[in-house]
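S.K.: Mind looking at a prediction? Sequence and model below.
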Amino acid sequence: MATIGHVLRRPTNPTGLWNWVTTIDHKKIGILYGITSFMFFLIGGLEAILMRIQLSRAGHEVVSPEVFSQLFTMHALTMIFLAIMPLSAAFFNLMIPLMIGARDVAFPRLNAFSYWVFLFGAIVLQSGWFLGGSPNAGWFAYAPLTASSFNPGNGMEFYVVGLAVLGISSLAAAFNFIVTILNMRAPGMTLMRMPVFVWMTLVTSFLLVTAFPVITVGLIELYFDRTFGMNFFNTAAGADAILWQHLFWVFGHPEVYILILPAMGIVSEILPTFSRKPLFGYQVIVLSGIAIGFMGWAVWSHHMFTVGLGAVANSVFAITTMFIAVPTGIKIFNWIGTLWGGSISLKTPLLFSVGFIFMFIIGGLSGIMHSIAPSDAQQQDTYFIVAHLHYVLFGGSIFAVFAGIYYWFPKASGRMLGERLGKLHFWLTIIGFNVAFFPMHFLGMDGMPRRQVTYSSEMGWDFWNMVSTLGSFIIFCSVLVFLHNFFRSVRKGELAGNDPWDGRTLEWSISSPPPEYNFATIPVVHGRDPFWEEKYGAGVPAGGSGDSKSDSHEEAHHGIHMPTPSYWPIVAALGLFVAAYGLIYNFGVSVAGTGIAMIAIYAWAMEPATEPNKD
Amino acid sequence: MRAAEQLRLKIKVLYSTLDILKRNATLVSVIARITGHLRVTSSLTALVVLSVVIVAGCTPDHPMSTFDAQGPVAQRQLDLFMLIFWIALVVFVLVGGWLLYTVIRFRRKSGQGIPHQTHGNTKLEITWTVIPAAMLAILAVPTVIGTFYITNTPDGNRLDIEVTAHQWWWEVEYPESGVTTSNEIHIPVDMVVNVDLISTDVLHSFWVPKLAGKLDIIPGRTTTMWLQADAVGEYYGQCAEFCGESHAWMRFRVFVDTAEEFEAWQEAQLAQAVVPSTPEETEGAGLFLSKGCVACHSISGVPGAVGVRGPNLSHVGSRSTLGAGIMDMTVENIAEWLTDPNKLKPGNIMSLEAPVYTNPDLSLSTGEIAALSSYIQSLK
């Protein structure tokens, strides 16, 4: 077996496609994550547009009810698991090592593995469109509608197996970032000097590690029910349908914070840079992020206010839900405090960040409305909830993702994104977003339930549905503007230089794009905004003199040894991919796939991180 | 006329809001004090403009509107909503206004130096932690009281009904009188109605927005809610939990009758089904037996018609709608339903399992459909 490593000769200096396939460079993996998940963002968007066309008029028959069920299920799964989460992962990959002054993540090959498993898991999840039908029971997949008796075909298998594979990717990535953040920080970067984005990544990673096992249990039980005829959720055999709801939302609510905390981290980086002031109340912002991470575990039943859990349970979860608004509110106030008295440059990243805060205020307030359990019984499962969740996940997460793209694109590519097109993109997005989603508040209060393929015109829902559909087309146009800007700027964008925004954190101290080894000399950190202090001198209280210039002689590295690219991460991921389809169609194939993965993992363990003959 | 009615209802919503504000004077004064610290006039203007836009968005005359509460449960839910809505609107105007003002006022001017590097302000941070927490603590009181109020059926004189949800129709039983009907629920005005909810297949949710918020229906459990109607009339309901392909067509109606009307209705429902009187109806009655309809549908007094998988049809002609609230009860619509039930309600078991749709040899001719339709409609 020791010779397995020699079957595939290790790539030392691959070029072209192989360069990307075998890369273990966190920056390239970040770009792969970013491009892949943006493509899924476009697919999720097209699914949304189809639904909006279907709902634009009463009694429209553009798609069948069955296809509509698949569309709303896949739209949610695509946007949550294949767009927002991996877009956050793209930023983790690209920026975390640069922000903490490291040369790579702790486990570079595991990082490549995470990406490939994500890609293959995403393909499994999406392949239902071509293999006889996608999942159709909603992203929440409430039992017993998911049972084989109510849901024949393979749709739910793509859900179960796809999410399980994606879970492996998320867990691998989360462990990697926890270890990276805890162990790879540059000298002097104490935990309370870490940029807030790094903090939020750490909290998110812990949430991933703790939340995904819960849904995995549910997925395995559902798989056993469907494949081996077991009765975890089979109500006809006496199972309790509520068990699934608890398993799903105990995962599902921390998941909401998995989606929003990285966004809050991005905005917490951008606001100080563009107002040329340190983050207001750094400690409180960090602590409230951690508090949200903990409190996020105590609110899941607010998704179940209408299940009939009883007045006591509903009261308890109403109160916990109300109070999770406190740390969130603190963040918003501190962000405004950061802007207050600053010298605010209204560039695109700042516009998207301010848009984020604004939309998130609306989404947060409608969230508090839902915490009033008795009146939530009128809003639960209506378009009011659809409006709320989009104000949080689109107005929140996606706005912050765009802010982050405009902010860090120059660092990753060495070129600026066009500012005029960027502003056009912002205004189209915020207008389109509000035209599309604000009317859904009205529709919800007007009694329109979610997830219905059509409605009758006597209900009076036609007008706002048409408005909402028009809004979705404005969003579509805004994305086209962004894509144009992106492709133009990649080739012809203005050169960025090291520090186009007058940044405050370490990533701006190195060239754009950064060299493979990131830092020729590992920096020594003396404060919270190390690069700003280096440029402008101290004035930073939190620990230490600010003159880091005097430290630049430290640790002069000659001959930096970077890890060598490897085939094994993608081969191991391919093994899982084969095994996943085996679980759906044929256990023999599954065994073969697992075998491939085992061999790859063995070979991976046997190969040194850095080839000795490579220098 | 319709426009005038709409205006009247909107004014009613505004008045009920003012009423809530009066009843929550403490909260209002706290908010007013906070407002006092900021630019009062601009905030108030924004508030008024926003209120007008938003009130334009609520349309109490629509059949499913939650703004037109017609019973104590829905009224409590609306009151709580309006309370939190106005608080949220004020908070939004204040915080959003503060954000916009900040961004505009502190725009970078050319030649501007480095601003003062403030890191925080403990007093401010404590203030904006404590104030929202206190406001939420106050809000928690009516929330908890309201939760208990809507969950526990009040004691005293009440009507019990049992609603069984099926994919995709509703079976309604009145245990005291023994009435069984479907998709249309009759209740007396001004009386507490205790609703036991049962499902035979997947999750559903029972929702009549003008009478009460929804409650999920869970196979293997019985969930219980209560409602009461303050006014006689016809109210729309709909399943609110995704329950499969034809979820959108799982609607129902609630008819609120006077006490006498309700008694009369119960008696009519308990009577034997009418005997066919015309030749066409008689032919339809024969087909109903010979084509296998009886395997799933009951008609009282007809020997053999005791099936329970589908709606009880003893008095189907007396209902105002067909197919769980999706169309009016007319001979033409019954015929349309019988011609292709899968077109109107995809995936329903009648279209999947009834021999007349699965076995081409047994399929119904146009004449047979006409006969069956007139028989079904005659079952008043």
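M.R.: Yep, that arrived. Predicted model only: the values in this text are computed from it and were never measured.
S.K.: Find me the pLDDT at A:Met562, would you?
M.R.: pLDDT recorded at A:Met562 is 81.
S.K.: and the spatially most distant residue from the centre of chain A, what does it touch?
M.R.: For chain A, the largest distance from the centre (Cα atoms, centre = their mean) belongs to A:Glu458, which lies 40.1 Å off. A:Glu458 makes contacts with B:Pro63, as judged by Cβ atoms under 8 Å, 6 or more residues apart in numbering or on different chains. All C-beta atoms are positioned from the backbone trio N, CA, C, and that covers glycine.
S.K.: what's the spacing between it and A:Asn176?
M.R.: 55 Å (Cβ to Cβ, to the nearest Å).
S.K.: And A:Tyr257, its phi and psi?
M.R.: Dihedral angles of A:Tyr257 (phi, psi; degrees, to the nearest 10) stand at phi -80, psi -30.
S.K.: so it touches A:Phe206, yeah?
M.R.: No. Contact criterion Cβ atoms under 8 Å: A:Tyr257 and A:Phe206 do not qualify, at 10.6 Å.
S.K.: What residues does the stretch 1-150 of chain A have near chain B?
M.R.: Proximity of the stretch 1-150 of chain A to chain B, by Cβ under 8 Å from any Cβ of the partner chain, involves residues A:Ser64, A:Pro65, A:Glu66, A:Ser69, A:Ala137, A:Gly138, A:Tyr142, A:Pro144, A:Leu145, A:Phe150.
S.K.: Which ones among those lie within helices?
M.R.: The members of these that map onto helices under DSSP state H are A:Pro65, A:Glu66, A:Ser69.
S.K.: ok, the first one - contacts?
M.R.: For A:Pro65, the contacting residues are A:Val453, B:Glu245, B:Ser246, B:His247, B:Ala248, B:Pro346, B:Gly347, by Cβ under 8 Å, 6+ apart.
S.K.: ok so, going back, so among the residues of the stretch 1-150 of chain A next to chain B, which ones count as buried?
M.R.: With neighbours counted by 16 or more other Cβ atoms under 10 Å in any protein chain shown, these contain buried members at A:Pro65, A:Glu66, A:Ser69, A:Ala137, A:Gly138, A:Tyr142, A:Pro144, A:Leu145, A:Phe150.
S.K.: Farthest-apart pair in these, please.
M.R.: The largest separation in those, counting by Cβ to Cβ, is between A:Pro65 and A:Pro144 at 19.2 Å.
S.K.: Mind checking what helix or strand follows the lowest-mean-pLDDT helix or strand in chain A in sequence?
M.R.: Within chain A, no helix or strand scores below helix A:4-7, which has a mean of 55 by mean pLDDT, DSSP states H and E. Scanning forward in sequence from helix A:4-7 by DSSP states H and E, the next helix or strand is helix A:16-22.
S.K.: where does chain A dip in pLDDT?
M.R.: For chain A, the stretches flagged by pLDDT under 70 are A:1-9, A:12-14, A:538-559, A:613-615.
S.K.: Tell me which residue lies nearest the centroid of it.
M.R.: Most central in chain A (Cα atoms, centre = their mean) works out to A:Met85, at 1.9 Å.
S.K.: For the ones in helices among the residues of the stretch 1-150 of chain A next to chain B, could you give me a markdown table that also reports distance to A:Ile220?
M.R.: Compiled in a markdown table, these are given as follows (distance: Cβ to Cβ, whole Å):
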| residue | distance to A:Ile220 |
| --- | --- |
| A:Pro65 | 30 |
| A:Glu66 | 27 |
| A:Ser69 | 24 |
